[in-house]
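Asker: my questions concern the predicted model and sequence given below.
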Amino acid sequence: MRLCLRADSLTTRLILLGSALLLVGALGRMIFLSSYLRNDLTQLTSAQLTSIAHYAAQDVDRDIVARRDLLTHLASKLPPALLGRPAQLRAWLQERQETNPLFSRGLFVLDTAGQIIADFPAVPGRAGSSAADRDYFRQASQGHLAVGQPTTGRIAPFPILPMAAPLLDDGGSVRGILVGVSELQSGNFLATLYTTRIGKTGGLLLISPRDKLFVGASDPTMILAPTPAPGINPLHDLAMNGFRGTGITVNAKGVEEIVATASVPSLDWFVVARLPTSEAHGSVSRLIHYILRNTVIILPLFILAMILIMRRMMRPLMETAKRADRMTQGELPLEPLPVARNDEVGHLTAAFNRVLSKLLESQAELSHMAHHDQLTGLPNRKLLADRMKLALARAHRNDGWVAVLFLDLDGFKPINDRHGHETGDLALREVANRLLAVIRREDTLARVGGDEFVVLLSDLDASAGETAERVADKCLAVFATPFDLPAGSCVLGTSIGIAIGDGNCDQDRLLIAADQAMYRAKEAGRGRYCLA
Ligand SMILES: Nc1nc2c(ncn2[C@@H]2O[C@H](COP(=O)(O)OP(=O)(O)OP(=O)(O)O)[C@@H](O)[C@H]2O)c(=O)[nH]1
């Protein structure tokens, strides 16, 4: 049986509903899962970035502290007498530098006017030049160790960090300044910070709030670039003012990032570890694509499976409907349908069968009513006509005979008049019962009028007349006994007209002949029979 997917069919609706639920489920999973995972990944990434920023800040701090300690130590050990002897001073610097080359761009000494007295390694043009304008000179002149502003070297164009320590005499006065210069990207300084990548496009930043500079960055274009002006990046502004923690922000290039900040303890610098959210949430996008792809693959399979399942489930229902249809069109007899399964379709089929059996019962009742007399339950004139037709056909085939006895009650009307119709009805029923008792089972007793009965005797032989007279005698005899009715005992009689016919007789003429014979019996004094 073919299953048509019509727009108004239950199957189509169920498939559409199922598909809609599948899509809504996938959509729901995408929305709720992606939101949940985004939050989760943001927290996880923030924690990881915090660790990275912290470790990077510790690394920077270790390098700064090492240089600060070295410079302080060298300044304390530099013999004051060497300040007036540049050649010896350079030799002293060389010895120290070769022993511990932390300051990759060398050491030099300034006099109190900021003039470079000696340097190592000797850079052409450095000795004799002035550094009086440099911030570290001004700070160190005050007697403090100074970390200068990271800058691009005057001699060599590399990002450098100068550090300066005052050379103090015994009285604590500044006699000169020892300066150490480190190339920021040198292998023993911050090279790792410059080359570290977080994810594909994330990285580290080292920021000096005092100098409003990016000291270091994974992105080379940002090295020594000025930090954004306040108001561009709120989280950056907070960090510049001392906030340390994590957050999501949009950087100056318009990229949304997860960032974590950590302070470099020995300076006011801080490290920023950053990762674009698009990268951090990359697995969410992949998951959404995965769900979408799966849904696109599953949906047609689901629809196909639904069609097959629905076809299987609906087959009994459709077969039931088809058979019911054929029954209504008269192609199949009205019979109970087979109940295939004990499910809703089975219940529907069983209900249909119950309706059908009620219908058959009503039909049988109607048919009985159409062919029987309501009062006595005897065949009526219509059924008698059918039976006569059959009896005459058999007689025709067998060369047999039929006899019709037409009975009209004598004295019935006075019972009605005297005792009422109900008593008359009881009398008619009793007459029917008494007559039924005297005829053969295969003969027919019919009520054809108010107090008129017909006895049809079929399959008679040539002695049909004698047989009919014998039956007429028996019928007369049943009236010999008075009728014992609730209203009292009543006497009834009957007049009988007999007509005999063979297979060639017309049934109406036979009945009329019997009727006329009955009238002759009436006229002859009632309570008797006459032959037609
Ligand atoms: N109680 C009852 N009476 C009926 C029914 N059908 C017809 N009758 C009555 O039966 C009576 C028949 O009339 P008649 O044939 O003249 O009655 P009768 O007294 O036997 O007269 P004769 O046939 O001339 O002997 C009428 O009074 C009808 O009203 C019925 O179903 N029940």
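Answerer: Received it, and whenever you're ready, just let me know what you need.

Asker: helix, strand, or coil at residue 224?
Answerer: Put simply, residue 224 is coil when judged by DSSP: H, G, I helix; E, B strand; the rest coil.

Asker: for it, what are its contacts?
Answerer: Residues near residue 224 by C-beta atoms under 8 Å, 6 or more residues apart in numbering: 150, 151, 152, 159, 213, 214, 215. In short, each C-beta sits where N, CA and C put it, glycine included.

Asker: could you redo the last one with a cut-off of 7 Å?
Answerer: Counting by C-beta atoms under 7 Å, 6 or more residues apart in numbering, residue 224 touches 150, 151, 152, 159, 213, 214.

Asker: what about the fourth one, how many residues nearby?
Answerer: For residue 159, the neighbour count with other C-beta atoms under 10 Å is 21.

Asker: same question, the fifth one
Answerer: Look at residue 213: counted by other C-beta under 10 Å, it has 21 neighbours.

Asker: residue 187: helix or strand, and which one exactly?
Answerer: Residue 187 belongs to no helix or strand when assigned by DSSP states H and E.

Asker: residue 497 now?
Answerer: Using DSSP H and E, residue 497 sits within strand 493-502.

Asker: what is the neighbour count of the spatially closest residue to residue 401 that is not a sequence neighbour?
Answerer: Excluding its sequence neighbours, the residue lying closest to residue 401 (C-beta to C-beta, 6 or more residues apart in numbering) is residue 464, at 3.6 Å. Number of residues near residue 464 (other C-beta under 10 Å) recorded here: 21.

Asker: and the gap between residue 464 and the ligand?
Answerer: Counting by C-beta to the nearest ligand atom, to the nearest Å, the gap from residue 464 to the ligand is 27 Å.

Asker: which other helices and strands contact the longest helix anywhere in the chain?
Answerer: Longest helix in the chain, counting residues (DSSP state H): helix 10-77. Contacts defined by 3 or more C-beta pairs under 7 Å, 6 or more residues apart in numbering; DSSP states H and E place helix 10-77 against strand 159-168, strand 174-183, helix 191-195, strand 246-250, strand 256-263, strand 270-276, helix 277-280, helix 282-328.

Asker: what residues does the stretch 351-500 of the chain put near the ligand?
Answerer: For the stretch 351-500 of the chain, the residues in contact with the ligand (C-beta under 6 Å from any ligand atom) are 375, 408-414, 416, 421, 424-425, 428, 450-451.

Asker: and those, which of them are buried?
Answerer: Buried members of these, scored by 16 or more other C-beta atoms under 10 Å, are 408, 409, 410, 412, 416, 424, 428, 451.

Asker: what does the helix or strand just after the strand holding residue 497 rub up against?
Answerer: Using DSSP H and E, the helix or strand that follows strand 493-502 in sequence is helix 507-523. Outside helix 507-523, the residues that touch it by C-beta under 7 Å, 6+ apart are 385, 388-389, 392, 404-406, 408, 495-499, 501, 528-532.

Asker: repeat for stretch 137-154
Answerer: Stretch 137-154 is contacted from outside by 68, 71-72, 105, 110, 114, 131, 134-136, 158-166, 168, 174, 177, 184, 208, 211, 213, 215, 224, 267, using C-beta under 7 Å, 6+ apart.

Asker: buried stuff in it?
Answerer: Within stretch 137-154, the residues that qualify as buried by neighbour count (16+ other C-beta under 10 Å) are 137, 139, 140, 141, 145, 146, 147, 148, 149, 150, 151.

Asker: pLDDT score for the third one?
Answerer: By that I understand residue 140. Here, the pLDDT recorded for residue 140 equals 95.

Asker: name the element it belongs to?
Answerer: According to DSSP H and E, residue 140 maps onto helix 135-141.

Asker: just checking: which of the contacts of stretch 137-154 also lie near the ligand?
Answerer: For the ligand, no contacts are drawn from these by C-beta under 6 Å from any ligand atom.

Asker: excluding chain neighbours, what is closest to the residue of the stretch 201-350 of the chain at minimum distance from the ligand?
Answerer: As assessed by C-beta to the nearest ligand atom, the ligand sits closest to residue 334 within the stretch 201-350 of the chain, at 33.8 Å. Spatial nearest neighbour of residue 334, excluding adjacent residues (C-beta to C-beta, 6+ apart): residue 327 at 5.5 Å.

Asker: got it, and residue 218?
Answerer: Distances taken as C-beta to C-beta, 6+ apart put residue 203 closest to residue 218, at 2.6 Å, once the chain neighbours are dropped.

Asker: and residue 295, by the same measure?
Answerer: Nearest residue to residue 295, sequence neighbours excluded (C-beta to C-beta, 6+ apart): residue 26, at 4.2 Å.

Asker: how about residue 247?
Answerer: The spatial neighbour of residue 247 that comes closest, neighbours along the chain excluded (C-beta to C-beta, 6+ apart), is residue 235 at 4.7 Å.

Asker: run a quick neighbour tally on the one you found.
Answerer: Number of residues near residue 235 (other C-beta under 10 Å) recorded here: 19.

Asker: quick thing: my sequence starts at 698, can you match it?
Answerer: In the new numbering, first residue 698, that becomes residue 932.

Asker: tell me which residue in the stretch 948-1097 of the chain sits closest to the ligand.
Answerer: For the stretch 948-1097 of the chain, C-beta to the nearest ligand atom, closest residue to the ligand: residue 1072, 5.4 Å.

Asker: in the chain, which ranges drop under the pLDDT threshold?
Answerer: Applying pLDDT under 70 to the chain flags the ranges 698-702.

Asker: quick one, what contacts the residue lying closest to residue 931 once chain neighbours are set aside?
Answerer: Sequence neighbours aside, residue 946 is the residue nearest to residue 931 in space, at 6.7 Å (criterion: C-beta to C-beta, 6+ apart). Applying C-beta under 7 Å, 6+ apart to residue 946 gives the contacts 930, 931, 932, 933, 954, 956.
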